[in-house]
Structures are given as structure tokens and as C-alpha cells.
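Novice: sequence and predicted structure are below.
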Amino acid sequence: MPDQPGRNAIEVRDVSKIFGSGDARFAALDRVSVAIRENEFFTLLGPSGCGKTTLLRLIAGFDFPSEGEIFLYGEDIAPLPPYRRPVNTVFQSYALFPHMTVAQNIGFGLEMLGKPKNEIKARVELMLKLVRMEALANRRTSQISGGQQQRVALARALAPQPKVLLLDEPLSALDYKLRKEMQIELKRLQNETGITFIFVTHDQEEALTMSDRIAVMSAGKILQIGSPRDIYDRPAERFVADFIGESNFLPATMVSKQDDHATVRLTSGAEISASLPQNASPAGDVTVVVRPEHAQFAAAANGAPLAGTIENVVYLGTDTHFHLKLDTGEPFIVRRQNARGHADHREAGSRVGILIPADAAQVLRD
């Protein structure tokens, strides 16, 4: 029976993973729960040691949870060994066979599954076309580039038609330009195959570029799950706001709140509107986050909600970053796009006012 659209491909329920014992006991995962949808490009994002690769290994079956359950299309797979799970993994090191050709590498897993030769041949040809490697089918993998090797590893993992493909930072060994190209290629492959991709990375740009949804992890917990836009524009906690992109953090005091919006008073005395995190009811002193590109320069410093002095101007080609010190003492960054004919030429030492447009500020849960 074919999988029905809208179902969850993977459900992780209250999973913990404990390593060691006694004083050396360490919780790599602490009661993690997440549902990953069918045909979704889902990314586990976080710094080294946050638990993202441990979670991937538990889904793959390379390790087993200390507590909790893992379901694949409703079937409990936590006790099953890797070879009994319809899941494949692409690792950082592609683990290709250098003495084999590209086509032989792609077909190897199908041979191990005992598939008929004509079926293997047809499937290998389809995979070569999918990853655009037809011309290199008979070349050994030791004779192709890193980006081409990555494509072969993907084709080999996709050949058995797994229900879920796990990707453990597979782009980390590539140079910047090739990595950018492969980000687009990975998303294309996911769209064309319709397979659920679960991608692990510490690179925020990769996560924002490719993902349908992102889970931001820290210290064995998932802090926030949402679309790239949700995670970037509406971070719920300081760690999320700080880890993804540049952020301005401003101390403030709650004045009033209604539904998912609030009015807060900044240390300058100005009152601004700010969004509230879902299911949060902050009171008293809070922290507000404003992305640098969402802030605007005022016509004059006098009367603006925030005012300060530009300390440094950094030109980055596509945009310019103005680093300020506010009159209240906090650092603040304003990012301006360098549109042709509309570049901002403010210089270090200039006094400026800052406007915070409606809906540009977000109150953080912590």
C-alpha cells in the first residue's frame, strides 16, 4: 500500500540517550520529541555536541535509545538493526570504493540486497541520470572530483529507494562555491524523488537554504522547530536568535500584552511593539531581539527610539554593516543593502537615530 500524503515519516517520542555511568554519566539527548513529515526536507541544526548526530544515528539504527520510542510510518523501529530499516545514510566521508567505477558503486547496495541484474542495471541508469553523472559511469571514483564523489554517494544511497534518507553533514568537505551548488542540488533531488530527507548540519546558511523545517538543538534538547523564515524572523529563545544570523539584543520591560503581541519599554525610555513567542507569557524584565536588516536609520537622532554613534563601517559588497554604540551603552548593528544608486555613506563618528518598525522586534522566552 503506498504511503499516504500528509503522514509523518518519522516520529521520535521522548527519546533520551545516556552515555557512561556514575560521575561520567552524560545525556547526549534529553527527552527529545519531534515529528518529521513525509516528503519533507528536515534539518537538525546546532553546534558540535548538541546531540544532532546522536539523534540521526538512533534513527539509522547505529545506536539505540536509552529511553523513548522511534516510529517510521507508525512502526516502532527503535529495537531494529540498521539492515531491517528502510533508511539509508550519507556520511561526511562518502565511503566509496575507489577500485570500482561510478556505476558499480551505485549498484553495490542493490547487489547486496540480491536484486536481479536487469533491475540493478535499470536502477543504476536512472540514478546516474538523476545526479547527472551519465558521462562518468565507467570512471573509477578515485578519478573524479569531491563534488562528483558526493553525487555518487547520494545516488548509491537513493538507489534502494529508502523511505528516509539521512545526511550527516555531507557537504562539509567541499569548498564554498561547490557547497553552495550542492545545496541547490540536494533540494532538487529531494523534490524529484519525494523521499524524506533528514539533514544534519552546524551551518545555518545550509539549513536556511534547503529546509522545509528546521529543528534548532542545544545541549541534547530541541529548542525550536519551524520554517526557515519562522526560525530566522521569530526566534523564541536567545540561543536560537544568537546561533542563526546576526542579532541585536536589547533589555526591555513589559508594559502590556495582547494575544501574540506586546508593548515593551526600552532602556532609552521609548516604547515599541514586539511579537511574543508562542505559548509564552513574559512579565517584568525581558530581552528583545532585532535583526540588523530590520532596523532603520531615522532622519535625525533627536526623538528616535534609539540613538547612538557609529563606531565602525564594514562594507561587504552586497550590503554594509554599521556598528554602533547606543547612548544607553549597548552595541547595535544596522545592515543596509547596497542597491545601485542608493548606497548609504554614513561614516564612523556620525551620530544617528534608529527606528524599530512595527513587527521587527521579538520578545525572547528566556
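Specialist: Received, thanks. All values derive from a computational prediction rather than experimental measurement.
Novice: hey, where'd the helices end up in the stretch 1-150 of the chain?
Specialist: Taking DSSP state H, counting those that start in this stretch as the criterion, the stretch 1-150 of the chain contains helices spanning 52-60, 102-112, 117-130, 146-158.
Novice: redo the ones you listed as a markdown table? Include distance to N248, mean neighbour count and mean pLDDT.
Specialist: C-beta here means a position set from N, CA and C on the backbone, and glycine is covered the same way. Shown next, in a markdown table, are the helices of the stretch 1-150 of the chain (distance: least, CB to CB, whole Å; neighbours: other CB atoms under 10 Å; pLDDT from 0 to 100):
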| stretch | distance to N248 | mean neighbour count | mean pLDDT |
| --- | --- | --- | --- |
| helix 52-60 | 27 | 23 | 96 |
| helix 102-112 | 48 | 20 | 92 |
| helix 117-130 | 44 | 16 | 92 |
| helix 146-158 | 37 | 22 | 89 |
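Novice: number of residues surrounding P357?
Specialist: A count of neighbours around P357, defined by other CB atoms under 10 Å, yields 12.
Novice: that one against E293, yeah?
Specialist: No. At 11.1 Å, P357 does not count as touching E293 under the criterion of CB atoms under 8 Å.
Novice: so which of the helices of the stretch 1-150 of the chain is nearest T201?
Specialist: Nearest to T201 among the helices of the stretch 1-150 of the chain is helix 52-60; the distance by CB to CB comes to 8.1 Å.
Novice: wait, what's in contact with the most centrally placed residue in the chain?
Specialist: Closest residue to the average C-alpha location of the chain: A207 at 3.0 Å, with CA atoms, centre = their mean. By CB atoms under 8 Å, 6 or more residues apart in numbering, the contact set of A207 is T43, L45, F199, T201, I214, P228, I244.
Novice: same thing but 6 Å
Specialist: T43, L45, T201, I214 (CB atoms under 6 Å, 6 or more residues apart in numbering).
Novice: and for S16?
Specialist: So S16 contacts L29, D30, R31, S66, E67, G68 (CB under 6 Å, 6+ apart).
Novice: highest neighbour count among those residues?
Specialist: L29 leads the contacts of S16 on contacts (other CB under 10 Å) with 26 neighbours.
Novice: distance of that residue from I77?
Specialist: 16 Å (CB to CB, to the nearest Å).
Novice: and L223, by the same measure?
Specialist: 25 Å.
Novice: ok so, going back, make TSV from the helices of the stretch 1-150 of the chain and add distance to R84 to it.
Specialist: Shown next, in TSV, are the helices of the stretch 1-150 of the chain (distance: least, CB to CB, whole Å):
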stretch	distance to R84
helix 52-60	12
helix 102-112	14
helix 117-130	21
helix 146-158	17
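Novice: which one, of those, ends up nearest to H321?
Specialist: Across the helices of the stretch 1-150 of the chain, closest to H321 is helix 52-60 (CB to CB), at 29.4 Å.
Novice: how about that closest one as PDB, C-alpha atoms only?
Specialist: Provided in PDB are the C-alpha atoms of helix 52-60 (Å, rounded to 0.1, in the frame of the first residue of the first chain):
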ATOM      1  CA  LYS A  52      22.000  16.200  16.400                       C
ATOM      2  CA  THR A  53      24.300  13.400  15.100                       C
ATOM      3  CA  THR A  54      23.300  11.200  18.000                       C
ATOM      4  CA  LEU A  55      19.600  11.600  17.000                       C
ATOM      5  CA  LEU A  56      20.500  10.800  13.400                       C
ATOM      6  CA  ARG A  57      22.300   7.600  14.500                       C
ATOM      7  CA  LEU A  58      19.300   6.500  16.600                       C
ATOM      8  CA  ILE A  59      17.000   6.900  13.600                       C
ATOM      9  CA  ALA A  60      19.500   5.000  11.400                       C
END
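Novice: could you look up the SS state of K180?
Specialist: Reduced to three states with DSSP: H, G, I helix; E, B strand; the rest coil, the structure at K180 is helix.
Novice: what's the closest non-adjacent residue to the residue of the chain positioned farthest from its centre?
Specialist: Farthest-out residue of the chain from its mean C-alpha position, per CA atoms, centre = their mean: N302, at 40.3 Å. With sequence-adjacent residues excluded and distances taken as CB to CB, 6 or more residues apart in numbering, N302 is closest to G353, at 7.1 Å.
Novice: surely the one you found and A299 touch.
Specialist: No. Distance between G353 and A299: 7.4 Å, which falls outside the contact criterion (CB atoms under 6 Å).
Novice: now G22: how far from S16?
Specialist: Distance of G22 to S16, computed by CB to CB: 17 Å.
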